[in-house]
Every structure is written in structure tokens, then in C-alpha cells.
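Q: Compute the structure for the input listed below.
(chains A and B)
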Amino acid sequence: MTRALIGVACALALAGTAASAATVPRGPVSITLPGDAGFAFKPGPGVIAAQTYCLSCHSSAYVSTQPTLSRAQWTAEVAKMRSPYGATIPDDQVATLVEYLTTQYGKP
Amino acid sequence: MRLVRRDFLVFAGSAATFALLPQKGGAQTIDLPFDNGQRPVVAFPQKRPLLLLTPRPPQLETPFAVFDDGVVTPNDAFYVRWHEAGVPQQVDATTHRIAVSGAVNRTLSLSLADLGGMETIEYLAVNQCSGNGRALSSPRVAGGQWDNGAMGNALWTGVRLRDILDRAGLKPSAKQVQFDGLDGPVFPSTPDFRKSLDLAVAQADDVMVAYAMNGAPLPLLNGYPVRLIVPGWYATYWVKMLSAITVLDHVDDNFWMKSAYRIPDTPDNSVVPGATGFPTIPINKMRVRSFITNIAEGATLTAGSQTVRGIAFDGGSGIARVELSSDGGTTWHQATLEHDYGNYSFRRWHATFDAKPGPQKLAVRATGNDGATQPVKQGWNPSGYLRSTIETYAVTVR
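A: Numbers count the residues shown, from 1 in each chain, chains lettered A, B, ... in the order given. You can find the predicted model right below:
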């Protein structure tokens, strides 16, 4: 939208009586999202578990953009993803994931 | 903000189908002012290049310089936030329906054409993520690491939610109204994103089901073809791709109301970092905030008279005054408020100050018509919500 159009729209809103030219939309809109857009987990012990159980729902950027969380914080995050968020992480993979996240994205 | 050339894919789109086309030359990254704050700048479909927080589900932050361009945030610059990866990539407004059901006398299935036949309302309102500024929490907290660009101000056009509720007819047992959109989780075990409002809030004069944004259809990533607008309230309630309105005869106990988006039920809604076991309530109205938009943290200025401008907003009482400090908050001078676009809109302001050589710390403070103002120290909460503290900008004058 051009700035001129926005100006018109705002002027109309200001007038308080006239509506903008907006009408209800019709028809389909289609986009293509870029998937993980080049983001990937760092290599290291446990990366397969991270790829298997984290990437099913979200890109690795959810992990890599966090501040340097402690082991206790990563443990809480993994627990939160299992419940209530419903991730299908088997019991025997929890320690592997916490170790990987703490080593690669956390603080000791 | 430091700009760095990096190789990242840039995508562009045109017409009604928005494809992803790699762009020559790669894209920039921007370093936001906190640890681990590097963000690629990427253009998603129907969007100009924005700060990419996460690609799946898509979360994009508006570069702060956009807020200096005008009172309205353009649709292609408006931030994006989705909770779950099941974001529909094709939506047909012609076949889209909003199901109205629950504690009502008549269930409805409303088309966009039905909305077009109802009374139109329109106003400017700020949409701000509950976690806007979360990355500035001290101590830091887990969650989406937004700087202050998870907000925008747009002209919304649509119909009153109340008119829809009236058409359905509420049963006496009605207590809350729940909203659901077309998006969904990857696994059935994951709670679907739904939000609810108390009946008194839902029936307010200005809560809107909006089909236009700045005079145009909503970008798909902002909720095409229709979303809820709860002016003055944090954006978690502004459900996108609105597909169901369910009147509840009880207080919603779904995860996104009962467990997520909660704030401490303490006098200033903050707790000591690490505290547990305190009572909580659902997040609600936005706190008053103000920003400088033409001078960034770390900027170098020329000595002499300098113009400072920016924006302010609150949870709907409107901005009563904005004050600027050029000595880090010791003394304050009243800024000039610019045109009033309504109590829910950004309010632009400007001021001048005499820039003397050396380091200076600018600060800005807004006060709402309700008397609320911005605290010097930001209260802490475990989710990093409700940021409202006085923002400061260290500059060097030469």
C-alpha cells in the first residue's frame, strides 16, 4: 500500500463519518512459506534426537535464538514440550536432548 | 543496530499467489541490542524484508526504523507471530465461514459477504505482542526473543463482534466467548490455539471482526481473510484467520487461557526472579509505552539543537503527555503531541533538545489519560510480558 493511500485512509478515519474504501475480500490467497529457511541444529552428540523430536513442530531457530539457558532451564523446556505441548519425546531421549541443548546452546 | 552482509535467502511475491523466489546477493543481518540478537533480514510472502525470528512457525519482527516513517505501520512491514506450525498457506475468502455456536439461541455460519452486509466500524489501533521486548528482560527469560518491534499500528475495518453475538442471541448461561482460527498444531496432542474473553469485554462497543487492514485485505500472515481486533489489549487475543466463535457457559480452561499468557496477580504484576507459587491472571490491557523513532541507541549526533520524535500508546485511555529527558531521566521536558488518531492509535510526538558534546542519555516517558505512567525499573515476570519501562538511548554528541 502506498503512503498516499494510507494518508487517505487515516484522513477518513479522522473524519469519523466516511469509511475507507475497504470492502470485504474475495477469493483465494496462496503463499509458499520457506520451511526452515536455512536454519539447522549445530552438529554434536544428540543432534539426531534434536532433529527427530524438535523439528517435527518447529525450526531450530526456536532453540538457537534463546539466551544461554542453564541445564535446569533446558530441562524445563524439554519437559514443557512433552507436556502440555504434546511432543512425542520418549523417556529415554530426554537426557540426550537436555545434554545436547545445554552443551550446544546453554551454559554449564 | 549494526548491519552486516550475510548470505540468507530472500523471498519475494506478487499477485494473488506469493511464491518464494531466491534473490540475488543474499540479505543483511541485524544485530539487536542483546546477547544472541543476530537476525537475518528476510522477505516472506506479501512482506518486505523483516527481522526473521523463526521461520516455522513464522515469526517476523518489524525493523524499528519503520516506526519513524508514519503513524501507520504498512501491511508489508507489520510483524508476524504464529504459535503452531499448521499455518494454512492457501485461504479462500469466498468460501471462508465463521461458525458461531455454543450458548446461543441460533448457530450461525457467517461468510465474508454476510459481514459486508452488517454495519461497518473502523479505527486505528495498536497491535502488540504480549512478549514485545521480552529479550530485554533482566534476567533473561525463555520464549520468543523479541526486541521492541513486535507491534504495529493499523487502520482496521470490520464489524462489531457484539452485532454478531446479538444476531446469534446469547443464552442467559453465557459467560465467555472463545475464538479459534484456521491454524492448528502439528500433533493432535498439542493444544490448539484458542483464546477467550469475558462477556463484558467481548460485548464492548469497539471489539471488531476485521476484514481490512489499512484499507486493504489482511496479508495472509496477519490473518487473511478476517481476524479479531481487541483494541487496547495485547495481541494474543486478536485471533487470526478467525473461523469459530463459541459462546461458553464457563470460564475457558483450555491451555492457552488457563496456563499460557498469564501474569502474576500482584500489585504491579511482577515477582522476584525465580519466584514460584504465586497466583496468576490472564494477560489483558496493554501498559503505557513510548519510544524515540528517529535516533537509535548508539547514534552519533551533531552538537546544537536536535529534533527528537517518536511514538506513544497505552491500553486505550489515550496519551495525555510525553516527556523527554536528555540527561538520563534526571530532568524532563514536555514534548509536543502530534495529531490525535484516537485512543487506541500510536500518538506521534516531537521535541527538541540542546545536544552538548560528549555522551548523553536520552529517555522518553509517556503518561496516559488514566494517569498511568512508565516505571524507571521494569518489573520482572517469568514470561517477559508487559514491558513498559522508560526506554533510554545512549548517544554521542560531536
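Q: could you pull out the strands for the stretch 201-350 of chain B?
A: B:208-213, B:227-229, B:242-248, B:262-264, B:280-282, B:289-292, B:300-301, B:304-313, B:319-325, B:333-334, B:336-337, B:347-355 (DSSP state E, counting those that start in this stretch).
Q: which helices and strands sit right next to the second one?
A: In this structure, strand B:227-229 makes packing contacts with strand B:208-213, judged by 3 or more CB pairs under 8 Å, 6 or more residues apart in numbering or on different chains; DSSP states H and E. Just so you know, the C-beta spots here come from the backbone N, C-alpha and C atoms, and that holds for glycine as well.
Q: The first one too?
A: Where contact means 3+ CB pairs under 8 Å, 6+ apart, strand B:208-213 is packed against helix B:112-116, strand B:151-160, helix B:161-168, strand B:227-229.
Q: Which residues of the stretch 201-350 of chain B lie near chain A?
A: B:211-212, B:214-218, B:220-221, B:224-225, B:255, B:259, B:339, B:341-342 (CB under 8 Å from any CB of the partner chain).
Q: Residue B:354: which of the residues you listed is nearest?
A: residue B:339 (26.3 Å; CB to CB).
Q: What number of residues are in the vicinity of the closest one?
A: Per other CB atoms under 10 Å in any protein chain shown, the neighbour tally for residue B:339 reads 10.
Q: pLDDT score for it?
A: Listed pLDDT for residue B:339 reads 98.
Q: Repeat that for residue B:227.
A: pLDDT, residue B:227: 98.
Q: Pretty sure it sits against residue B:208.
A: No: using CB atoms under 8 Å, residue B:227 makes no contact with residue B:208, being 9.1 Å away.
Q: Which one's more surrounded, those two?
A: residue B:208 (27 against 24).
Q: in the chain, which residue is closest to the centre?
A: All of this is about chain A. In chain A, the residue lying closest to the centroid (CA atoms, centre = their mean) is residue A:62, at 5.2 Å.
Q: Sorry, I should have been clearer: chain B.
A: Centre-nearest of chain B using CA atoms, centre = their mean is residue B:128, 1.7 Å out.
Q: Next, work out how far apart that one and residue B:293 are.
A: As judged by CB to CB, to the nearest Å, residue B:128 and residue B:293 stand 15 Å apart.
Q: before we move on, back to that, between the strands of the stretch 201-350 of chain B, which gets nearest to residue B:54?
A: Once the strands of the stretch 201-350 of chain B are compared by CB to CB, strand B:227-229 is nearest, at 20.5 Å.
Q: Enumerate residues external to that closest one that contact any of its residues.
A: Strand B:227-229 is contacted from outside by B:125, B:127, B:156, B:158, B:161, B:179, B:181, B:207-210, B:218, B:237-242, using CB atoms under 8 Å, 6 or more residues apart in numbering or on different chains.
Q: what about the residue nearest to residue B:173 when sequence neighbours are not counted, how many residues close to it?
A: Nearest residue to residue B:173 in three dimensions, chain neighbours excluded: residue B:249, at 4.0 Å (CB to CB, 6 or more residues apart in numbering or on different chains). By the criterion of other CB under 10 Å, residue B:249 has 12 neighbours.
Q: what about chain B, any weak spots by pLDDT?
A: B:1-27 (pLDDT under 70).
Q: burial measure for residue A:26, as a count.
A: For residue A:26, using other CB under 10 Å, the count is 14.
Q: what's the pLDDT at it?
A: 97.
Q: Can you show me the helices along the chain?
A: Picked chain A for this. A:3-15, A:47-53, A:61-64, A:71-82, A:91-105 (DSSP state H).
Q: Correction: the question concerned chain B.
A: Using DSSP H, the helices of chain B run over B:112-116, B:161-168, B:199-202, B:255-258.
Q: can those go into JSON lines with extra columns for mean neighbour count?
A: Listed next are the helices of chain B as JSON lines, based on neighbours: other CB atoms under 10 Å in any protein chain shown:
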{"stretch": "helix B:112-116", "mean neighbour count": "16"}
{"stretch": "helix B:161-168", "mean neighbour count": "18"}
{"stretch": "helix B:199-202", "mean neighbour count": "16"}
{"stretch": "helix B:255-258", "mean neighbour count": "18"}
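Q: For residue A:75, find the nearest of these.
A: helix B:255-258 (20.6 Å).
Q: hmm, who's touching that closest one?
A: A:84, B:83, B:191, B:193, B:194, B:195, B:196, B:236, B:251, B:252, B:282.
Q: How many residues are close by residue 38?
A: Because you didn't say which chain, this covers chain A. 15.
Q: actually chain B
A: So residue B:38, with other CB under 10 Å, has 14 neighbours.
Q: doesn't residue B:30 make contact with it?
A: Yes: counting by CB under 8 Å, residue B:30 is a contact partner of residue B:38 at 7.5 Å.
Q: Quick check: residue B:386 vs residue A:62, distance?
A: 22 Å.
Q: quick one on the thing from earlier: spatially nearest residue to the residue nearest to the centre of chain A, not counting backbone neighbours?
A: Closest to residue A:62 by CB to CB, 6+ apart is residue B:54, at 5.4 Å.
Q: what about the closest residue to residue B:234 other than its chain neighbours, how many neighbours?
A: The spatially closest residue to residue B:234, leaving aside those adjacent along the chain, is residue B:130, at 4.3 Å (CB to CB, 6+ apart). When neighbours are counted by other CB under 10 Å, residue B:130 registers 26.
Q: same thing with the one 3 residues further on?
A: Residues within reach of residue B:133, counting by other CB under 10 Å, total 23.
Q: That one and residue B:143 touch, don't they?
A: No: here residue B:133 lies out of contact with residue B:143, judged by CB under 8 Å, at a distance of 11.3 Å.
Q: And residue B:98, how far from residue B:120?
A: Distance, residue B:98 to residue B:120, using CB to CB: 16 Å.
Q: And those two? Which one has more around it.
A: Shown here are residue B:98 and residue B:120; by other CB under 10 Å, residue B:98 has more neighbours (21 against 18).
Q: give me the beta-bridge partners of the more buried one?
A: residue B:110 (DSSP bridges).
Q: wait, isn't it in contact with residue B:241?
A: No: judged on CB under 8 Å, residue B:98 makes no contact with residue B:241 at a distance of 10.0 Å.
Q: joint contacts of those two?
A: residue B:226.
Q: ok, back up a step: packed most tightly, which of the strands of the stretch 201-350 of chain B would that be?
A: Scoring the strands of the stretch 201-350 of chain B by mean neighbour count under mean count of other CB atoms under 10 Å in any protein chain shown gives strand B:208-213 as the most buried, with a mean of 27.
Q: Just grab the bridge partners of the closest residue to residue B:391 other than its chain neighbours for me.
A: Excluding the flanking residues, the one nearest residue B:391 by CB to CB, 6+ apart is residue B:291, at 5.7 Å. In this entry, residue B:291 is beta-bridged to residue B:311, by DSSP bridges.
Q: Against residue B:236, how distant is residue B:291?
A: With distances taken as CB to CB, residue B:291 is found 21 Å from residue B:236.
Q: Correct me if wrong: residue B:393 contacts residue B:294.
A: No: in this structure, residue B:393 is not within contact of residue B:294 by CB under 8 Å, at 10.4 Å.
Q: which of the two has more neighbours?
A: More crowded of residue B:393 and residue B:294, by other CB under 10 Å: residue B:393, with 20 against 14.
Q: how about that one, what does it touch?
A: Counted by CB under 8 Å, 6+ apart, residue B:393 has contacts B:292, B:295, B:296, B:297, B:299, B:361, B:362, B:363.
Q: Residue B:302 is in contact with the second one, correct?
A: To tie it back to what came earlier, the one meant is residue B:295. No: assessed by CB under 8 Å, residue B:295 is found out of contact with residue B:302, at 11.8 Å.
Q: The two: which is more packed in?
A: residue B:295 (18 against 10).
Q: longest strand anywhere in chain A?
A: strand A:28-31 (DSSP state E).
Q: in that strand, what counts as buried?
A: A:28, A:29, A:30, A:31 (16 or more other CB atoms under 10 Å in any protein chain shown).
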